[in-house]
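Q: pasted the sequence and its predicted model underneath.
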Amino acid sequence: MRLSFLFFLVLWAFIGCESVHKKTPRPYNVLFLVIDDLRPELGAYGADHIVSPSIDALAAKSLVFEKAYCQAPICSPSRMSFLTGLRPHETGINNNDTPLRDKLPGAVTLPQFFKERGYQTEAYGKVFHQGIGDPLSWNYYQDGPKQRSTYHFEENVKINDPWDGSKRGRPYEYADVHDSLYTDGIIANRAIRALRRFEQDKPFFLAVGLLKPHLPFNAPKKYWDLYKNPVRHLDRPPGYPPGVPRYVGTNAGELRKYHDIPRGPIAASKGDTLVHGYFACISYMDAQVGRILSELEQLGKSESTIVVLFGDHGYKLGEYGDWCKNTHYDYDTRVPLILHHPDKAGQRTSSLAELVDVYPTLIEAAGFKDGPAQLAGKSLMPLFENPELQIKEAAFAQRPRKRVYGYSVRTANHKLIKWVDREDPDSVAYLELYDLTHGRVEEQNVAHQPRYKEVQEKLLVLLNDEIGI
């Protein structure tokens, strides 16, 4: 009897300990890495000419989305979308100057969701657009340095220019200096200090907004020296699809603000140098990602931290004879998206995904059951178990011009872009339809061709159902 009693006592104590352990699992931390102007030009995406070992190593143990898309191919509208879980027509933000609370005073942002659940939420660099951060989202944030990248701070130096005397400095620089003398190195240093400072008994949500490869293409010389003839790796359509209106493109407006960039065509030699700078900035940014992830590992926090890394939108490097972003074409809307969960195996998926899905995905990844009711995206977590699933049928993007507004819907094989009159949304100004099977890009508008009638009608219905246009 005595032995039986002792046996049951020990068994009861063991079960009790197990029960307590199961009831109080350690919450997951979140490391949120958003990269400015990064298209999927990474080793992990098949670009073996790019030196990106840190992101490639992260991708090898993560869920890698091969067909992920932003909701607005420009900085702040895209960021306001994925940080609120709402589409641009729901946020009402179409430019880089509008603070979130001017439009949505009661919105619960992604970091705010975690903050309200006891997380330490901090942000460094460009998470919201610089200068219009959101204090309600953070316990602490620091969105500088304001100078975007330069060792010599040439971006804010006015140079006498034959076209425009008010232009910024040169669009690239490669000083032979330490990483910390350019902006992403400074941001990484601040993020590393935050990791060391976080309280051990509280989970954290750390957002890091790295600025490269955004213009100007400035990076320490050692990253520039990694590339000898980078432009030979690009296959660039020479011009926009025949017959499309001029407003579908942007004429490299952002790039032309810099010194030595003409109003007219950009010479091939100048374009080659710009591509060189863009690639060098990817490698510089990648090194800073590596430093942050290494610190996470050394602090013993990697086993309890979810990591998400993505670009806020894509970028053109001379494709269509144009540069920068702000179009509906895949060069501008397709982004890298990498999601690491410490308790899930790495996978690759061709399932369509949108940045608006990041919010609900992180909620589920961290173990929360319910998020804000208004979220427009879907959780992508089921793809860890079955990467062949199709979570959604289409991805959507939006972008205005002066007199028209463009809405696009992207399925696995097609893209439709509907341009409407801004004063009369029922009036269609122009319609584009592209067949993107076999990895093609937008080169021939097949809208109204009889054999694409059924596809066109289906995409118009999808666009109307999701956005109401």
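A: Perfect, thanks for sending it. Numbering: from 1, shown residues only.
Q: strands along the stretch 101-250 of the chain, start to end?
A: 120-125, 140-142, 172-173, 204-210, 217-218 (DSSP state E, counting those that start in this stretch).
Q: centre of the chain versus the lengthiest helix in the chain, how much separation?
A: Counting residues, the longest helix found in the chain (DSSP state H) is helix 268-298. The chain centre lies 15 Å from the centre of helix 268-298; the measure is C-alpha atoms, centre = their mean, to the nearest Å.
Q: a helix runs through residue 429, doesn't it?
A: No: applying DSSP: H, G, I helix; E, B strand; the rest coil, one finds residue 429 to be strand, outside a helix.
Q: let's number from 17 now, not from 1
A: Noted, 17 is the first residue going forward, which turns the last one into residue 445.
Q: surely it and residue 439 touch.
A: No: contact status for residue 445 versus residue 439: not in contact, 10.9 Å apart, counting by C-beta atoms under 8 Å. Backbone N, C-alpha and C define where each C-beta goes, glycine included.
Q: for the chain, what spans make up the helices?
A: 18-39, 69-76, 91-100, 104-107, 116-119, 126-131, 199-213, 237-240, 284-314, 346-349, 374-381, 398-401, 469-483.
Q: adding distance to residue 193, write these out as TSV.
A: Formatted as TSV, these follow (distance: least, C-beta to C-beta, whole Å):
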stretch	distance to residue 193
helix 18-39	50
helix 69-76	20
helix 91-100	27
helix 104-107	39
helix 116-119	36
helix 126-131	33
helix 199-213	9
helix 237-240	8
helix 284-314	11
helix 346-349	32
helix 374-381	34
helix 398-401	41
helix 469-483	47
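Q: for residue 150, find the nearest of these.
A: helix 116-119 (5.4 Å; C-beta to C-beta).
Q: for that closest one, which positions count as buried?
A: Within helix 116-119, the residues scored as buried using 16 or more other C-beta atoms under 10 Å are residue 116.
Q: CA atoms of that helix as PDB?
A: Only the C-alpha atoms of helix 116-119 are listed here, as PDB (Å, rounded to 0.1, in the frame of the first residue of the first chain):
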ATOM      1  CA  LEU A 116      -1.900  56.900 -40.700                       C
ATOM      2  CA  ARG A 117      -4.000  58.400 -37.900                       C
ATOM      3  CA  ASP A 118      -5.100  61.300 -40.300                       C
ATOM      4  CA  LYS A 119      -7.100  58.600 -42.200                       C
END
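Q: what packs against it?
A: helix 91-100 (3 or more C-beta pairs under 8 Å, 6 or more residues apart in numbering; DSSP states H and E).
Q: name the helices or strands packed onto the helix it packs on?
A: So helix 91-100, by 3+ C-beta pairs under 8 Å, 6+ apart, packs with helix 104-107, helix 116-119, helix 126-131, helix 374-381.
Q: tell me the contacts of the nearest residue to residue 291 once chain neighbours are set aside?
A: Excluding the flanking residues, the one nearest residue 291 by C-beta to C-beta, 6 or more residues apart in numbering is residue 247, at 4.7 Å. Shown in contact with residue 247 (C-beta atoms under 8 Å, 6 or more residues apart in numbering): 287-288, 291-292.
Q: returning to what we had before: comparing residue 445 and residue 439, which shows the higher neighbour count?
A: Neighbour totals were compared for residue 445 and residue 439, and residue 445 leads with 17 against 9 (other C-beta atoms under 10 Å).
Q: quick one: contacts for the more buried one?
A: By C-beta under 8 Å, 6+ apart, the neighbours of residue 445 are 261, 419-420, 435-437.
Q: cool, residue 270 as well?
A: Neighbours of residue 270 in contact, by C-beta under 8 Å, 6+ apart: 231, 339-342.
Q: any chance of the contacts of residue 247 in TSV, with distance to residue 212 too?
A: Shown next, in TSV, are those (distance: C-beta to C-beta, whole Å):
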residue	distance to residue 212
287	42
288	42
291	37
292	35
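Q: and which of those is nearest to residue 201?
A: residue 292 (19.9 Å).
Q: let me know whether that closest one touches residue 249 as I believe.
A: No: in this structure, residue 292 is not within contact of residue 249 by C-beta under 8 Å, at 11.1 Å.
Q: more neighbours, these two?
A: residue 292 (20 against 14).
Q: turn the helices and strands packed on helix 91-100 into JSON lines, columns for distance to residue 57 and mean pLDDT.
A: Below are the helices and strands packed on helix 91-100 laid out as JSON lines (distance: least, C-beta to C-beta, whole Å; pLDDT from 0 to 100):
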{"stretch": "helix 104-107", "distance to residue 57": "25", "mean pLDDT": "97"}
{"stretch": "helix 116-119", "distance to residue 57": "30", "mean pLDDT": "96"}
{"stretch": "helix 126-131", "distance to residue 57": "26", "mean pLDDT": "98"}
{"stretch": "helix 374-381", "distance to residue 57": "20", "mean pLDDT": "98"}
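Q: now render these as CSV, adding distance to residue 324.
A: Shown next, in CSV, are the helices and strands packed on helix 91-100 (distance: least, C-beta to C-beta, whole Å):
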stretch, distance to residue 324
helix 104-107, 20
helix 116-119, 20
helix 126-131, 10
helix 374-381, 6
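Q: which one of those helices lies closest to residue 347?
A: helix 104-107 (19.1 Å).
Q: just the CA atoms of that closest one, as PDB, please.
A: C-alpha atoms of helix 104-107 as PDB (Å, rounded to 0.1, in the frame of the first residue of the first chain):
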ATOM      1  CA  PRO A 104      -4.900  50.900 -50.100                       C
ATOM      2  CA  HIS A 105      -8.500  51.800 -50.900                       C
ATOM      3  CA  GLU A 106      -9.300  51.000 -47.300                       C
ATOM      4  CA  THR A 107      -6.500  53.100 -45.800                       C
END
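Q: name the residues that touch that helix?
A: With C-beta under 8 Å, 6+ apart, helix 104-107 has contacts from 87-88, 93, 96-97, 100, 110, 116, 119-120, 390, 392, 414, 483-485.
Q: and if you look at stretch 454-469?
A: For stretch 454-469, using C-beta under 8 Å, 6+ apart, the contacting residues are 253, 257-260, 335, 345-347, 431-432, 447-452, 472.
Q: swap in 10 Å and give it another go.
A: For stretch 454-469, contacts defined as C-beta atoms under 10 Å, 6 or more residues apart in numbering pick out 251-260, 264, 335-336, 343-347, 350, 424, 429-434, 446-452, 471-472, 475.
Q: ok, residue 207 touching residue 47?
A: Yes: with contact defined as C-beta atoms under 10 Å, residue 207 counts as touching residue 47 (8.8 Å).
Q: of these two, give the one with the bigger neighbour count.
A: Set residue 207 next to residue 47 and count neighbours by other C-beta under 10 Å: residue 207 wins out with 28 against 23.
Q: for the stretch 67-216 of the chain, give me the ranges with low pLDDT.
A: 162-183 (pLDDT under 70).
Q: burial of residue 56, as a residue count?
A: For residue 56, the count of nearby residues is 22 (other C-beta under 10 Å).
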